Structures are given as structure tokens and as C-alpha cells.
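S.K.: Everything below, folded, please.
(chains A and B)
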Amino acid sequence: MTVKTRFAPSPTGYLHVGGARTALFSWLYARKHGGTFVLRIEDTDLERSTTDSVNAILEGMTWLGLEYDEGPFYQTRRFDRYNEVIEDLLQRGLAYRCDCSKERLEALREEQMKHKQKPRYDGHCRNRHVDADAPHVIRFRNPMEGIVVVDDMIRGKVAYDNAELDDLIIRRSDGSPTYNLTVVVDDADMGITHVIRGDDHLNNTPRQINILRALGKEPPRYAHVPMILGDDGARLSKRHGAVSVMQYREDGFLPEALLNYLVRLGWSHGDQEVFSLDEMIELFDIEDVNKAPSSFNTDKLLWLNQHYIKQSDPKHIAHLLSPHMGKLGIDPAEDGPDLVEVVEAQQERAKTLVEMAEISAFFYKEFEEYDAKAAKKHLRPVAQAPLERAREALERLDDWRPEPLHKAVADVADALDLNMGKVAQPLRVAVSGRAATPGIDVTLYLVGKDATLRRIDRALEHIRQRAAASS
RNA sequence: GCUCCCUUCGUCUAGUGGUCUAGGACGCUGGCCUCUCACGCCGGUAACAGGGGUUCGAGUCCCCUAGGGAGUACCA
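M.R.: I've put the predicted structure just below:
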């Protein structure tokens, strides 16, 4: 049997991390078994579905690299097929028309709740032969006895009493089919062998199995993955910030980091934390997914992101960094140092691309003002002599490369009988405005000679003004 | 309310009756390295929800309780 999995989001919002993880698991399972991965858009809720959402989901999938082999299929384009199935069910007496009013249903629910019962349709229209021309919905005639067992690859066997299930609506009064009918028809028609989906669908599964059986189809294997909770253990929501996958790109995360983070949420392979895509495909197994929900931990994602930034090819990072520099009004291609060299210098210093852009901006443009603490600590009168001497030495230096630069700064320190830090720190603040940058030699190299000399003058002026102000 | 699901360090997890005085990772923290920051390296912190069983022996099996979650829609 060839494995065929699917990801079936409803386009009522962007792709969030929970959906992304479900998609990842489905994708991995298909890839691992040399199977097929299908994307299906479940847009039968005409009210809430939007094309913007469809695009957002597609964009998210693409960014993560979860390419699908078939689809996207849209359920709204398959209404004829659903109607055909519904008609067949009606013919065979496995479904029936119902014209119960909302008021009646409402009253029924309240009554049942009052008697501490589970609210469910009472089968009022089961044998009433409602006129097809009158407004009505169509309900599935659920078996009244027996049990349905969901044999879940993650949960094990979960049994439901048919008596607990009621006759659900499979076609609305406006003629559109509902979720529980469409999934079942689509999964069967598309030959889905493994349904890997969110935990919230576990309770729907027995109903779906019943419909499947009515259709004379064999149920697929099911795997219900637990949901993802926010940092605080509560349900993941907008409140938790970046829940949209695309927001992570905005925030400077690498797709490989997010993927790696997501695959480890609820799944593990011994003590291994870092997985390449190939390793994931090789080692992943749906049976190893945990049953318990897990909390999203941004700190760990950040750590993984830094890990991937560190070990990636600087050219690759530079390519991804460029747009973030652009947001700061910098076009690295225009002038200034080679962005790849900047990345090499900053690779171990940034957890995100956004952060890397921020700490690298001074290589390309004048910084507005000094970091207050850094200036207070390092641009003091005692720094005047080191800066003046450094300026002289650097102005004389023609070979503007890290090694000679290092020697030049070290020589100034020696000549003044100071520690390297006493010269390097004022210099660092002078040329970058901040207290932390890559090594002073690389920093000066990347800033360039003209800007270095200019900024040292600016710093010396700053020191003079400060001295004047305090006297 | 009812049905179903879940429960190991703060978080992600290892653990499938004895090797668990419970391992790894993130975080936090002490130190080393060092021109700053970071990286790296060495060390520390911290958990089997509670109670009953079963067993020579339970984190591992069973039951109960508690706490979380999902569903209970003419949403998906």
C-alpha cells in the first residue's frame, strides 16, 4: 500500500504553528514512506473562508518548504460530488431530511442540558419523510447501537458508544455540505491512507467512521496529534505574539529552525535536538509522537535559530539578511562592506536576522547617537589620548585589513602602556556607537578607513564637549 | 453537565518492571576563555500530580482522585 497523507486546512486565517506542525508531520510521514502528500483546502464554510487566507496558507507552506504532490484541491469545487453522495445516502435510507426549526433545536438543547444530559438531536425527523421542496437540512442516520472503535496510531484504541452520537447534519438548508461529510468523501475519493490531524478532531472520528461505513469504504489509519499551547501553557492565541508562520519570517527566523523546533514539539529521537530535513524524514515516525499537548517555547526556538544562523553558509545567510537590512533603509549591494563578510563577522552574535541587521547597520550608515551607557563608560577624557594615537596610527595605515589593523591597535596600546581593552573599547564605541561588536580589527576593517577616521573625530569631539559641559 | 483525551525538571523530552540515588536539551546560574559582545568549554539548579493496589521489585501495569484539554454548531 502506498502511503498518502494530506493537510486539510480551512482558509479562515493564516497558517499558524499548530497547523504547520500538523502539516510537517503529514509531510514527513509521506516522505518517509515514499508516499504522496496532498493539500486540500476545506472551504465549505462560505461565510468565513477567504482567498487571502488561502494565499497565506500557501505562502506559509512554501516558505517552510512543505511542498505538496497533489492539489491544492478546493472543496467548494466538489459540491456536485458531495451532492451525489448525499443523494445516494438519501436513496438508501442512510440519511434523511429534517425541517426542525432552530427554535425547536434550541429548546431541545436547553432541556437536555437541564437534565444533565449531553445535548444531541433527538431524531425527531428520522421517520417523518419531510418534503423535499420545503426548506430542510439533511442528516446522517447514525447507528443507534454498538460501539465505534478508533484505532489511533498515537492514542491507541478509543471506543465510542453509538448511543452517544446523534444524527449530524451533512447538508445545510442552503444546500452546502458540511465538514464531517466532505472530509470523509474527499479522504475516500483521494485515497488517503493516513489521516494525520489535530487532536480536536478525535471526537469527530467515530462519526466519520460511521459515514465511511455507510458509504461502503474502509476507514484510513488515523493519527491525532496533540495541540500546541502557548508559552504560558494556555491555548495558543494571537496574544502569544507570533502565531502566524509568516510572522516568524518577519521576525528573522530561518525556516529550517522553525521546522526543527516544530518537529521536536511532541516528538523526539533519543537525545537528538538538531535534525536536518533528511534526518527528520529518516527518523520520524508518527507512532513516536507524544500524546500530551506541549507548550511553545520561544527561547528554545531562538536557540535553534541561532544554531542554524551559526552553521549556515554565510552566503545563504547574507541572502536572507538582505531584506532585513532593507527595512533599516540599507541596500548592502549599493555600497559599504560585502554583506557576506559582515555575516561572517556577526554569525555568532545574533539569534535572529532582525537582530543581525540591527547590530550590523553601523557598517553601512552613520549611527544616530551613541549607546548612552557605552558612551558614558568609554568616551571619557581618559580615552582621548588612546583615540588620538589610534587615529594617527590608522591614518598612516594603508593596508586596511584585519591583521594589520589588529597590530596597529595593539601597538598603540603598547606605546601607551595600556591593556588592549583600554584602546579597543573607546575605538569600538567611536566607530559603532555601541559597546559590543565583532573583534576590533574586523570591525574597523568593515567600517572602512574613511568612516573610521571620521567617527574617531566625532568621538573626540564628543569627549571634548562632555568635558566642557562638566567643568 | 455529558462523552472522549492528557499528566516526568519552569519548558521540550529520554525512559516500554530491576541498569532511575531518573538521562539529554532550552532557560537560569557559577567558572574558564577574552579587546567588548557572542561563540566554545567545564560545573550547578530543577521533575516521575496525589492516593490506593498488583509485584520480590513501579516513573514504567491496574483503579480512584485532582488538575488540564477537546468535542458537545446549519465551524472546520
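S.K.: Just give me the neighbour total for residue A:261.
M.R.: Residue A:261 has 23 neighbours, counted by other CB atoms under 10 Å. C-beta coordinates here come from the backbone N, C-alpha and C atoms, glycine included.
S.K.: residues contacting residue A:26?
M.R.: Residue A:26 makes contact with A:5-7, A:37, A:194, A:196, according to CB atoms under 8 Å, 6 or more residues apart in numbering.
S.K.: separation between the closest residue to residue A:435 other than its chain neighbours and residue A:430?
M.R.: Counting by CB to CB, 6 or more residues apart in numbering, residue A:374 is the residue found nearest to residue A:435 once chain neighbours are left out, at 3.7 Å. Per CB to CB, to the nearest Å, residue A:374 is found 10 Å from residue A:430.
S.K.: For stretch A:430-441, output the C-alpha coordinates as PDB.
M.R.: Only the C-alpha atoms of stretch A:430-441 are listed here, as PDB (Å, rounded to 0.1, in the frame of the first residue of the first chain):
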ATOM      1  CA  ALA A 430      33.600  55.600  18.500                       C
ATOM      2  CA  VAL A 431      33.100  53.700  15.300                       C
ATOM      3  CA  SER A 432      29.900  51.700  16.100                       C
ATOM      4  CA  GLY A 433      28.200  53.700  18.800                       C
ATOM      5  CA  ARG A 434      27.800  50.500  20.800                       C
ATOM      6  CA  ALA A 435      29.700  48.600  23.400                       C
ATOM      7  CA  ALA A 436      29.600  45.200  21.700                       C
ATOM      8  CA  THR A 437      30.700  44.400  18.100                       C
ATOM      9  CA  PRO A 438      32.900  41.800  16.500                       C
ATOM     10  CA  GLY A 439      36.600  41.900  17.200                       C
ATOM     11  CA  ILE A 440      38.000  45.400  16.900                       C
ATOM     12  CA  ASP A 441      40.200  44.500  13.900                       C
END
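S.K.: what residues does it touch?
M.R.: The contact list for stretch A:430-441, computed with CB under 8 Å, 6+ apart, reads A:345-346, A:349, A:359, A:362, A:367-371, A:373-375, A:377-379, A:387, A:402-403, A:405-406, A:409, A:424-425, A:427-429, A:443-444, A:446-447, A:451-452, A:455-456, A:458-459.
S.K.: go on, stretch A:146-158?
M.R.: For stretch A:146-158, the external contacting residues (CB under 8 Å, 6+ apart) are A:159-162, A:165, A:194, A:202, A:205-206, A:209-210, A:221-226, A:286-287, A:289-291.
S.K.: Could you do stretch A:107-127 as well?
M.R.: So stretch A:107-127 is in contact with A:96-100, A:104-105, A:139, A:141, A:164-168, going by CB under 8 Å, 6+ apart.
S.K.: Which neighbouring elements make contact with the top helix by length along chain A?
M.R.: The longest helix of chain A (DSSP state H) is helix A:449-470. Counting contacts by 3 or more CB pairs under 8 Å, 6 or more residues apart in numbering; DSSP states H and E, helix A:449-470 packs against helix A:384-396, helix A:420-432.
S.K.: Does anything pack onto the helix or strand the residue nearest to residue A:435 falls within? Which helices or strands?
M.R.: Taking DSSP states H and E as the definition, one finds residue A:374 inside helix A:372-378. Under the contact definition 3+ CB pairs under 8 Å, 6+ apart, helix A:372-378 sits against helix A:420-432.
S.K.: Can you go through the contacts of stretch A:430-441 and name the buried ones?
M.R.: A:345-346, A:349, A:359, A:362, A:370-371, A:374-375, A:378-379, A:387, A:402, A:405-406, A:409, A:424-425, A:427-429, A:443-444, A:446-447, A:451-452, A:455-456, A:458-459 (16 or more other CB atoms under 10 Å).
S.K.: The nearest residue to residue A:171 once chain neighbours are set aside: what's it in contact with?
M.R.: Once flanking residues are discounted, residue A:171 sits nearest to residue A:138: 4.1 Å by CB to CB, 6+ apart. Residues counted as contacts of residue A:138 (CB under 8 Å, 6+ apart) are A:86, A:89-90, A:95-98, A:169-171.
S.K.: Strands - which of those residues land there?
M.R.: Of those, the ones assigned to strands by DSSP state E are A:95-98, A:169-171.
S.K.: If you go by neighbour count, which of those are buried?
M.R.: A:95-98, A:169-171.
S.K.: And residue A:387, how far from RNA strand B?
M.R.: Computed as CB to the nearest atom of the strand, to the nearest Å, the residue A:387 to RNA strand B distance reads 14 Å.
S.K.: Residue A:316 now?
M.R.: Separation of residue A:316 from RNA strand B (CB to the nearest atom of the strand): 18 Å.
S.K.: what does residue A:99 give?
M.R.: From residue A:99 over to RNA strand B the distance is 7 Å, taken as CB to the nearest atom of the strand.
S.K.: The nearest residue to residue A:430 once chain neighbours are set aside: what's it in contact with?
M.R.: Once flanking residues are discounted, residue A:430 sits nearest to residue A:459: 3.5 Å by CB to CB, 6+ apart. Residue A:459 makes contact with A:379, A:383, A:387, A:426, A:429-430 under the criterion CB under 8 Å, 6+ apart.
S.K.: Tell me which helix or strand residue A:71 sits in.
M.R.: Using DSSP H and E, residue A:71 sits in strand A:70-74.
S.K.: Could you check how far that strand is from the centre of its chain?
M.R.: 22 Å (CA atoms, centre = their mean, to the nearest Å).
S.K.: so residue A:117 sits in a helix?
M.R.: No. Residue A:117: not assigned to a helix; according to DSSP: H, G, I helix; E, B strand; the rest coil it is coil.
S.K.: Neighbours of it, how many?
M.R.: Residue A:117 has 10 neighbouring residues, counting by other CB under 10 Å.
S.K.: and the residue nearest to residue A:98 when sequence neighbours are not counted, helix, strand or coil?
M.R.: Once flanking residues are discounted, residue A:98 sits nearest to residue A:125: 3.9 Å by CB to CB, 6+ apart. Look at residue A:125: counting by three-state DSSP, its state is coil.
S.K.: and what of residue A:37?
M.R.: Following three-state DSSP, residue A:37 is assigned to strand.
S.K.: Next one, pLDDT for it please.
M.R.: You'll see residue A:37 listed with a pLDDT of 98.
S.K.: Correct me if wrong: it contacts residue A:31.
M.R.: Yes. The criterion here is CB atoms under 8 Å, and residue A:37 meets it with residue A:31 at 7.3 Å.
S.K.: residues contacting residue A:345?
M.R.: The neighbours of residue A:345, taking CB under 8 Å, 6+ apart as the test, are A:438-439, A:442-443, A:446.
S.K.: Closest one of those residues to RNA strand B?
M.R.: Nearest to RNA strand B among the contacts of residue A:345: residue A:439, at 3.1 Å, using CB to the nearest atom of the strand.
S.K.: any idea how far the closest one is from residue A:185?
M.R.: Distance from residue A:439 to residue A:185, counting by CB to CB: 64 Å.
S.K.: Of these two, which one has the most company?
M.R.: Comparing residue A:439 with residue A:185 by neighbour count (other CB under 10 Å), the higher total belongs to residue A:185, at 23 against 15.
S.K.: what's the angle between the strand or helix carrying the more buried one and strand A:70-74?
M.R.: If you go by DSSP H and E, residue A:185 is part of helix A:179-189. Relative orientation of helix A:179-189 and strand A:70-74, computed by axes from the mean of the first three to the mean of the last three CA atoms, to 10 degrees: 150 degrees.
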